[in-house]
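1. Whatever this is, show me its structure:
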Amino acid sequence: MSDPDRVSLAFIWDTASPHFSRRAFMKTMAFASAAGFVAACGGSSKGGTTSAGGSTTPPTFDPKPEAKTLNFYNWTDYIATDTIPNFQKDTGIKVTYDNYSSNDELFAKMRTGGSGFDIIVPTDATLVKMKHAGLVQPLDLSLIPNVKNLDPRFRTAAYDPGNQYSIPWQWGTTGIGFDKTKVGGAVTDWDAFNLPAVSGKSSYLDEARDAFAMALFALKKDPNTLDSGDLDAAEQYLIDLKKKIQKITSDYQDPLKSGQLVMAQAYSGDVFTIQADNAKIEYIIPKSGALSWVDSMAIPKGAAHPKNAEAFMNYILDPKVGAALTNFVNYGSPNKAAEPYINKDILSNPLIYPSPAELAKLPFQKDLGEDELAYSDRWDKVKTA
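-> Below is the predicted model of the structure:
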């Protein structure tokens, strides 16, 4: 939103609401100042601290009982219809749910402070940025015993070893979604955006690192490079490509489904969900390479209801709950214990669950620390070109 002192009101979760749909949640109006929202939530918490050596002290929480409230800020179209209703039924905790469409939007919201949210779902690289900026607080893993259900590779991941700050939500890859009947040629790599039939009918993501990774893969460069020459070349690649696409956006799902777009840089599960409504849409992992990523639940620093947030995290790690989420959103589950309950066509799909050999070719974004500016400064130039 343009006003950083306001937050957008999500609907209190109600699947009977006319604003609820499988593919899109209503973009709702701002309703209260951040200060007013936090006051209404009540309570406070204190995050842990990180020593110079990198060890984390446990967070300390306000001893007052928390109100039966949870304020959840998540990506658009990224939850099963029964996840929140069942949690509310099981716990009596009322969930207010709101959506964002990019990591940049989320980061900007958190950086202003006083957002009023108790759970957010940043992608791995953005979680690292938030840790550096002191925007998220350590978890009390004693309240999340189902953490044992995670696949071991998500317990030791470099972006958050030991799950000190986050619990994985879903994971996937960033590739190309396209209408196979309209692109006018073979789609195997990032150069498909140059197909004549795609001109003016495509999009790439409104995410600096994702967009630059596309350009760097296409240029056969390291997607995490800090080489200024490579980054300059990627910047020019994106500026040139911008002239051929319809728009830069992370809200590509409905336009791709409806035919307004015929190609989009896209997140894997979004495209698989679109396929349920439009069988002409396909997804590929480009042969020159693509990023894999993990979206993880985290608690903003100073959240009013951290114990409720941790109760929700533990709930998501229940095997059947985690499987139901994956069966609905069509992304990979980090929950190893959920696999017996995940649909077989998802588990056997190499575009959702790549083989170990393929995973080795799908790197995560690296934590670049202050060097992230090398990307963000160039991204500003791309956006304003």
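2. the strands in the stretch 1-150 of the chain, which residues?
-> Along the stretch 1-150 of the chain, counting by DSSP state E, counting those that start in this stretch, strands occupy 6-8, 30-33, 45-46, 60-61, 69-75, 94-100, 119-120, 136-137.
3. what pLDDT does the nearest residue to residue 349 once chain neighbours are set aside get?
-> In space, and not counting its chain neighbours, residue 349 is closest to residue 272: 7.8 Å by CB to CB, 6 or more residues apart in numbering. From N, CA and C alone the C-beta is placed, and that goes for glycine too. Residue 272 is assigned 88 on the pLDDT scale.
4. Tell me how many other residues surround residue 246.
-> Around residue 246 there are 18 other residues, counting by other CB atoms under 10 Å.
5. Check residue 99 too.
-> That count, for residue 99 with other CB under 10 Å as the rule, works out to 20.
6. what's across from it in the sheet?
-> On the basis of DSSP bridges, residue 99 is bridged to residue 74.
7. so how far is residue 146 from it?
-> Distance of residue 99 to residue 146, computed by CB to CB, to the nearest Å: 25 Å.
8. quick one, helices of the stretch 151-300 of the chain?
-> For the stretch 151-300 of the chain, the helices defined by DSSP state H, counting those that start in this stretch cover 208-218, 228-242, 253-258, 268-275.
9. Counting by contacts, list what the longest one packs against.
-> Pointing back at helix 228-242 there. Counting contacts by 3 or more CB pairs under 8 Å, 6 or more residues apart in numbering; DSSP states H and E, helix 228-242 packs against helix 208-218, helix 373-384.
10. Now do the buried residues in stretch 157-167.
-> Buried residues in stretch 157-167, counted by 16 or more other CB atoms under 10 Å: 157, 159, 160, 163, 164, 165, 166, 167.
11. tell me the contacts of the closest residue to residue 382 other than its chain neighbours?
-> Setting aside the residues directly before and after it, residue 382 is nearest to residue 238 in space (CB to CB, 6+ apart), at 4.6 Å. If you count contacts by CB atoms under 8 Å, 6 or more residues apart in numbering, residue 238 has them with 204, 211, 212, 215, 382.
12. my read: the second one touches residue 204, true?
-> Yes: with contacts defined as CB atoms under 8 Å, residue 211 counts as touching residue 204 at a distance of 5.4 Å.
13. Show me the common contact partners of these two, please.
-> Contacts common to residue 211 and residue 204, judged by CB under 8 Å, 6+ apart, are 238, 248, 265.
14. any idea how far the closest residue to the last one other than its chain neighbours lies from residue 262?
-> Going back to what we said before, that points to residue 265. Spatial nearest neighbour of residue 265, chain neighbours left out: residue 204 (4.2 Å); criterion: CB to CB, 6+ apart. In this view, residue 204 and residue 262 are 14 Å apart by CB to CB.
15. One more: residue 363?
-> 28 Å.
16. Neighbour count for these two, which is higher?
-> residue 262 (26 against 16).
17. Quick check: pLDDT value at that one.
-> 98.
18. Could you pull up the residues touching it?
-> 178, 179, 182, 183, 197, 198, 201, 202, 256 are the contacts of residue 262 under CB under 8 Å, 6+ apart.
19. 10 Å instead, please
-> Residue 262 makes contact with 177-184, 195, 197-203, 246, 255-256, 280-281 under the criterion CB atoms under 10 Å, 6 or more residues apart in numbering.
20. try residue 257
-> Counting by CB under 10 Å, 6+ apart, residue 257 has contacts 23-24, 177, 179, 270-271, 273-278, 280-281.
21. Now neighbour count and distance to residue 123 too, for the residues you listed, in a markdown table please.
-> A markdown table is the format used below for the contacts of residue 257 (neighbours: other CB atoms under 10 Å; distance: CB to CB, whole Å):
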| residue | neighbour count | distance to residue 123 |
| --- | --- | --- |
| 23 | 14 | 21 |
| 24 | 15 | 20 |
| 177 | 27 | 18 |
| 179 | 22 | 26 |
| 270 | 27 | 14 |
| 271 | 26 | 17 |
| 273 | 21 | 18 |
| 274 | 27 | 20 |
| 275 | 16 | 23 |
| 276 | 12 | 24 |
| 277 | 13 | 25 |
| 278 | 13 | 26 |
| 280 | 14 | 28 |
| 281 | 24 | 23 |
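22. Going by distance to residue 304, which of those wins?
-> residue 24 (28.2 Å; CB to CB).
23. need the helices of the stretch 151-300 of the chain in JSON lines with distance to residue 351, can you?
-> Shown next, in JSON lines, are the helices of the stretch 151-300 of the chain (distance: least, CB to CB, whole Å):
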{"stretch": "helix 208-218", "distance to residue 351": "17"}
{"stretch": "helix 228-242", "distance to residue 351": "24"}
{"stretch": "helix 253-258", "distance to residue 351": "16"}
{"stretch": "helix 268-275", "distance to residue 351": "6"}
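24. And those helices, which one averages the lowest pLDDT?
-> Across the helices of the stretch 151-300 of the chain, helix 268-275 gives the lowest mean pLDDT, at a mean of 89.
25. What count of nearby residues applies to residue 75?
-> 25.
26. now do residue 85
-> So residue 85, with other CB under 10 Å, has 14 neighbours.
27. Below-threshold pLDDT in the stretch 51-200 of the chain: ranges please.
-> Along the stretch 51-200 of the chain, the parts satisfying pLDDT under 70 run over 51-64, 114.
28. Quick one, grab the pLDDT at residue 23.
-> 27.
29. Next, the angle from the longest strand belonging to the chain to helix 208-218.
-> Counting residues, the longest strand found in the chain (DSSP state E) is strand 167-179. Angle of strand 167-179 versus helix 208-218, following axes from the mean of the first three to the mean of the last three CA atoms, to 10 degrees, is 50 degrees.
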